[in-house]
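[1] model this:
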Amino acid sequence: MRKPLSTSDDNDRPRWWARLAIAILAAILISAALLPLLPTDRWWIRILDFPQAQIAALLLLLTLAVPLIVSLRRPFGLVLLAALGATLAYQLQYLLRYTPLWPTEVPDAAKCSPENQVRVLVLNVKEHDPANPEALELVRRLQPDLFLAVETEPEWLRRMAPLRRHFRHVVAATRPDEWGMTLFSRLPLIGPEVRYLVANYVPSLKTGVRLRSGAEIDLYALHPKPPLMHGTQRRNAELLRAGREIAQKEKPALLAGDLNDVPWSYTINRFSDMTGMGDPRVGRAFDATFWLAPLVGWPIDHVYATRDFKLTFFDPLQDVGSDHLPLLAGFCLSRA
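    Purely as a prediction, here's the structure:
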């Protein structure tokens, strides 16, 4: 006569599946958090640099769920909880930099004379998107000193011709693909250049800018390709070559653009260490400018500043019909 299955076995089976599911999910999240530590340019690893804030949120939820599903009186539960907690702590030590809990890298300007101020607007206008009235009106209303537009095509520049009445200086490197860029300036430009820091790659801009006080600063504008399907070797090389030049010149400088990279990545941290440039987001806010979906957004549009500057404001603005939010940053040159 066959012995019937015990009731305890029937009750334990769903818990066994729940423990297996939580272990698999933990392995996936821990791997996604730690794989970016590998020194590789492979796109399927580098793309994991981006969702680290979202991965941290999922790790936190899973860490809170473990004691409800897995017994902490057994080694499996303790090891799982320790692994999740350690990974979450590792992520928080750099994600917390982008909250008011951290000291700022670019200090606030208590007061600043208008002659030493510069306002920079950065906008990825979206490839194949005509110059829409919202973007045009935004620039007219804000009247930034420098307006850097990326993904600009020749037709886009033609339709933005009304802006030339407001900006006396224009440097254009338009292209029929998503790698064009155009700089509009109210301030005099000194020796503007369209450059290719990496051979057969995308254009970048470099120019001197004369402030109203007569002081001169340098502006570097970049828009490297994203890691998805491109890898990151040339993206990283472009940023670091610009960084070496900034470090060698020791001149007040700003670096702006859609860098297709997040501020906590290994490459941007190398760039910051090399140049001493500060990120206005540190000690203030996450300030995502590219949103893939609700709650899934990343800060990939940037304006970095050397220690010669203090910050007057730093704000992502309302959507103007692009897939990126405009980013407006104001700086005060405190050391000429």
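[2] now do the strands in the stretch 51-200 of the chain.
    Assigned by DSSP state E, counting those that start in this stretch, the stretch 51-200 of the chain shows strands spanning 117-124, 146-150, 169-173, 181-185, 189-195.
[3] quick one: mean pLDDT for stretch 140-153?
    The predicted model assigns stretch 140-153 a mean pLDDT of 95.
[4] ok, stretch 272-281 next?
    Average pLDDT, stretch 272-281: 97.
[5] in that stretch, what's buried?
    Neighbour-count burial for stretch 272-281 flags 272, 275, 277-281 (criterion: 16 or more other CB atoms under 10 Å). C-beta: built from backbone N, CA, C; applies to glycine.
[6] farthest pair in these?
    Within the buried residues of stretch 272-281, two members stand farthest from each other by CB to CB: T275 and R281, at 16.1 Å.
[7] what is the neighbour count of the nearest residue to R186 once chain neighbours are set aside?
    Spatial nearest neighbour of R186, chain neighbours left out: D145 (5.1 Å); criterion: CB to CB, 6 or more residues apart in numbering. Counted with other CB atoms under 10 Å, residues neighbouring D145 total 19.
[8] how far away is D145 from F271?
    24 Å (CB to CB, to the nearest Å).
[9] endpoint to endpoint, stretch 134-151 covers what distance?
    One end of stretch 134-151 sits 17 Å from the other (CA to CA, to the nearest Å).
[10] how about it: buried residues?
    For stretch 134-151, the neighbour count (16+ other CB under 10 Å) marks 135, 138-139, 144-151 as buried.
[11] and stretch 319-336, by the same measure?
    Using 16+ other CB under 10 Å as the test for burial, stretch 319-336 gives 320, 322, 324-333.
[12] check contacts around S31.
    Contacts for S31 were tallied using CB atoms under 8 Å, 6 or more residues apart in numbering; there are none.
[13] how close does it get to Y94?
    Note on S31: its distance to Y94, by CB to CB, is 18 Å.
[14] and L163, by the same measure?
    38 Å.
[15] now swap in L142 and tell me
    Distance of L142 to Y94, computed by CB to CB: 32 Å.
[16] residue nearest the middle of the protein, spatially speaking?
    I300 (2.4 Å; CA atoms, centre = their mean).
[17] thinking again about what came up before, quick one: which of the buried residues of stretch 319-336 is nearest R119?
    Closest approach between those and R119, by CB to CB: G330, at 4.7 Å.
[18] partner residues bridging the closest one?
    Here G330 sits in beta bridges with R119, F313, as judged by DSSP bridges.
[19] may I have stretch 161-180 exported as PDB, CA atoms only?
    Output of stretch 161-180 as PDB, limited to C-alpha atoms (Å, rounded to 0.1, in the frame of the first residue of the first chain):
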ATOM      1  CA  ALA A 161      17.800  80.400 -39.100                       C
ATOM      2  CA  PRO A 162      15.700  82.800 -36.900                       C
ATOM      3  CA  LEU A 163      18.100  82.100 -34.100                       C
ATOM      4  CA  ARG A 164      20.900  83.900 -36.000                       C
ATOM      5  CA  ARG A 165      19.200  87.200 -35.000                       C
ATOM      6  CA  HIS A 166      19.900  86.400 -31.400                       C
ATOM      7  CA  PHE A 167      23.300  84.700 -31.700                       C
ATOM      8  CA  ARG A 168      26.000  86.500 -33.600                       C
ATOM      9  CA  HIS A 169      28.400  83.500 -33.600                       C
ATOM     10  CA  VAL A 170      27.600  80.100 -35.000                       C
ATOM     11  CA  VAL A 171      29.800  77.000 -35.400                       C
ATOM     12  CA  ALA A 172      28.200  74.200 -37.300                       C
ATOM     13  CA  ALA A 173      29.200  70.600 -37.800                       C
ATOM     14  CA  THR A 174      25.900  69.400 -39.300                       C
ATOM     15  CA  ARG A 175      25.700  65.900 -40.700                       C
ATOM     16  CA  PRO A 176      22.900  63.800 -42.300                       C
ATOM     17  CA  ASP A 177      23.000  61.400 -39.400                       C
ATOM     18  CA  GLU A 178      22.700  61.700 -35.600                       C
ATOM     19  CA  TRP A 179      26.300  62.900 -35.000                       C
ATOM     20  CA  GLY A 180      26.100  66.500 -36.100                       C
END
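[20] can you list the weak-confidence ranges in the stretch 51-200 of the chain?
    By pLDDT under 70, the low-scoring segments of the stretch 51-200 of the chain are 127-131.
[21] and for the stretch 201-336 of the chain?
    229, 336.
[22] strands of that one, start to end?
    Using DSSP E, counting those that start in this stretch, the strands of the stretch 201-336 of the chain run over residues 204-210, 216-222, 253-258, 290-293, 296-298, 301-305, 309-316, 327-333.
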